[in-house]
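In: Take this sequence and fold it.
(one chain, ligands or ions: 1)
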Amino acid sequence: MKAEINKEAFLKLKKRFPWVYKNEIISMPECNPGDVADLVYKGEYVATAFLNPLSKITARVISFEKTYIDREFFEKRIKEAIEKRKGLEKITNSYRLIHSEADFLPGLIVDKYGEYLVISITSAGIENFKGVVLEILIELLKPKGIYEKADKIREKEGLEVISQKLYGEIEDDFIIVENGKKFFTNLISGQKTGFFLDQRKNRKTVGEYGNKRTLDLFANAGGFGIYANASFTKFVEISASACSLIEKNCELNNLQNYEIIKADVFKFLEKENETYDLIIIDPPAFAKNKNAKKGALKGWKYLIVNSLKLLEKGGYLALFSCSHAINQKDLLDLALSSSVIDNCYLEVVEFLKQDIDHPYVLNIPNSLYLTGVLLRKV
Ligand SMILES: C[S@@+](CC[C@H](N)C(=O)[O-])C[C@H]1O[C@@H](n2cnc3c(N)ncnc32)[C@H](O)[C@@H]1O
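Out: Here you go, the predicted structure:
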């Protein structure tokens with residue numbers, strides 16, 4: 001099966017970008033979602049891809065070399081992903097094992113939580129090979145159980161959204177042990193595929209600057225505040241279930257002096273007047289795409305200006321954006337314009353990004369989806 005792509009797509013694929021949009025396909029055969037086809041330009045082979053006529057991303061490249069997409073192919077890719085993460089076993093029992101396009105398996109996400117796997121399939125192509133993928137994961141990793149967490153995004157590929165146990169036994173309650181810290185998480189009912197694994201390294205880096213008073217905004221399970229281990233910590237989080245996780249995690253890690261505020265951070269900042277020497281701002285993606293960027297920048301400016309008011313001189317401010325639409329340069333621009341309002345200097349202490357089990361592949365610009373910066377107020 002062959003699909004002819006246009007010049008724009010050919011040039012992108014030359015740089016090993018893996019997506020071809022509907023309007024970039026000149027002709028394709030009638031096919032079912034997820035069928036494997038050769039992408040050709042002017043009749044010449046360019047790549048092997050999953051085709052899905054139902055999806056705006058109509059072709060997802062699975063290989064730039066002519067190859068059979070069979071059990072052997074998946075086994076090789078999965079083994080490579082496992083091998084790449086070997087070092088992480090020393091610091092954590094939980095990490096992302098396979099990160100979709102960034103591990104050259106478009107639409108396959110696998111997180112390892114101790115002896116359990118939580119998987120998410122977001123392409124029709126991988127869905128067609130689900131049985132093979134499961135067999136390989138079971139053979140290589142011998143998990144106690146595998147749970148599939150369905151992402152809403154599956155609808156765009158014409159796939160059903162059903163979360164379900166796929167293999168063995170799985171329990172909802174699980175304790176992540178990471179750099180000696182413990183985090184209670186819900187494998188089945190938690191956000192994403194569970195815990196924010198992508199922030200592991202940043203939690204450690206930022207946590208080292210914790211001293212007297214930490215303010216953890218958009219705290220989720222309390223990871224940053226717990227790593228910071230300050231004399232006093234205030235966590236602000238809107239979700240009731242996340243707040244109860246923070247409570248459990250503070251107990252698990254013997255944090256003595258803390259307060260958990262269940263509130264909207266924007267409203268909280270209107271009234272807060274206590275000061276801190278470490279503030280973390282790690283909101284959800286305000287801008288999922290470039291169109292929503294203007295509103296997101298306004299929200300961000302409000303958060304930074306009002307946090308700077310609460311930050312003592314010499315204190316640290318960590319900013320994180322988990323949206324590709326708001327990048328590191330945007331965060332720096334926002335911080336600079338906010339510093340003018342606060343009448344202070346801001347030093348850049350660290351540039352931050354997602355941890356290595358969520359690879360940033362230079363050829364795939366949108367694989368850099370979590371960026372951050374740690375600043376010091378002077
Ligand atoms: C990206 S997560 C934070 C991850 C966390 N810092 C960590 O490392 O585990 C964003 C969190 O913000 C919470 N949230 C979303 N909107 C909020 C708001 N307006 N006020 C407070 N919390 C909010 C979500 O429930 C979610 O737990």
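
In: roughly how far apart are the residue most central in space within the chain and S55?
Out: Nearest to the mean C-alpha position of the chain, by Cα atoms, centre = their mean, lies D198 at 5.4 Å. With the distance defined as Cβ to Cβ, to the nearest Å, D198 ends up 25 Å from S55. For every residue, glycine as well, the C-beta is placed using N, CA and C.

In: got it, and I162?
Out: 19 Å.

In: I91 - how many residues pack around it?
Out: 14 (other Cβ atoms under 10 Å).

In: do the same with the one 3 residues further on
Out: If you count neighbours by other Cβ under 10 Å, S94 ends up with 25.

In: That one is in contact with Y116, isn't it?
Out: No. S94 lies out of contact with Y116 (Cβ atoms under 8 Å); the separation is 9.2 Å.

In: what about the strand ranked longest in the chain, average pLDDT?
Out: Counting residues, the longest strand found in the chain (DSSP state E) is strand 311-321. The average pLDDT for strand 311-321 rounds to 98.

In: List, one by one, the residues from the stretch 151-300 of the chain near the ligand.
Out: Counting by Cβ under 6 Å from any ligand atom, the residues of the stretch 151-300 of the chain close to the ligand are 196, 199, 218-221, 223-224, 236-239, 242, 264-266, 282-284.

In: This protein: helices as residue ranges?
Out: 7-14, 71-84, 124-128, 130-141, 200-207, 223-228, 240-252, 265-271, 293-310, 328-342 (DSSP state H).

In: Flag the shaky bits of the protein, pLDDT-wise.
Out: For the chain, applying pLDDT under 70 flags the ranges 190-194.

In: Where do the domain boundaries of it fall?
Out: Following the assignment in automatic domain parsing, the chain carries domains at 2-63, 71-173, 196-377.

In: quick one on the thing from earlier: residue contacts, the residue nearest to the centre of the chain?
Out: R96, C322, Q354, D355, D357, H358, L370 (Cβ atoms under 8 Å, 6 or more residues apart in numbering).

In: For the ligand, see how far away the second one is.
Out: C322 sits 6 Å away from the ligand, going by Cβ to the nearest ligand atom, to the nearest Å.

In: Just give me the neighbour total for that residue.
Out: Count around C322 with other Cβ under 10 Å applied: 18.

In: shouldn't it be in contact with L368?
Out: No. Using Cβ under 8 Å, C322 is not in contact with L368, being 10.9 Å away.

In: Give the closest residue to V378 in space, chain neighbours not counted.
Out: Nearest residue to V378, sequence neighbours excluded (Cβ to Cβ, 6 or more residues apart in numbering): Y345, at 4.5 Å.

In: so what's the backbone phi/psi at that neighbour?
Out: Phi and psi for Y345, reported as degrees, to the nearest 10, are phi -100, psi 150.

In: Against V305, how distant is it?
Out: 15 Å.

In: Compare those two and say which is more crowded by neighbours.
Out: Between Y345 and V305, V305 has the larger neighbour count (other Cβ under 10 Å), namely 18 against 11.
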